[in-house]
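Undergrad: Mind looking at a prediction? Sequence and model below.
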Amino acid sequence: MPDIGFHSQLIEAMKRRATPAGTIERFVRHLRALPAGSDLPCPFCFALGRDGTLLEQTKTTTILSMRCASCGEQVVFRDT
Ligand SMILES: [Zn+2]
């Protein structure tokens, strides 16, 4: 599973969509409880009480683009 930098970028993506703080907190606990090597869960599906998995789409040296297999939402991670 991607490292903690990915977690913070997922949380930023949730905040940009005005996800309630309580939902973000539950998502963070969910992320931390995942076993090593787990797929990255989709934050947008999680907010709706669904299961979604982010799948890698495009990867460059500075950007990793992932798309949810369930809802089709895209998340772009930047290597900062
Ligand atoms: Zn999703």
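TA: Structure received.

Undergrad: which parts of the helix or strand of the chain with the lowest mean pLDDT are buried?
TA: Ranked by mean pLDDT, DSSP states H and E, the weakest helix or strand in the chain is helix 4-16, scoring a mean of 87. By 16 or more other Cβ atoms under 10 Å, the buried positions in helix 4-16 come out as 6-7, 9-11, 13-14. Where you see a C-beta, it was placed from the backbone N, CA and C, and this is true even at glycine.

Undergrad: okay, and for this structure, where does confidence drop off?
TA: 1-4, 80 (pLDDT under 70).

Undergrad: Check it and tell me which residue is nearest its centre.
TA: Leu10 (4.3 Å; Cα atoms, centre = their mean).

Undergrad: which residues touch that one?
TA: 27, 31, 40, 43, 75 (Cβ atoms under 8 Å, 6 or more residues apart in numbering).

Undergrad: tell me the secondary structure for the second one?
TA: When you say that, I think you mean Leu31. helix (DSSP: H, G, I helix; E, B strand; the rest coil).

Undergrad: Which residue, neighbours along the chain excluded, lies closest to it?
TA: Excluding the flanking residues, the one nearest Leu31 by Cβ to Cβ, 6 or more residues apart in numbering is His7, at 5.4 Å.
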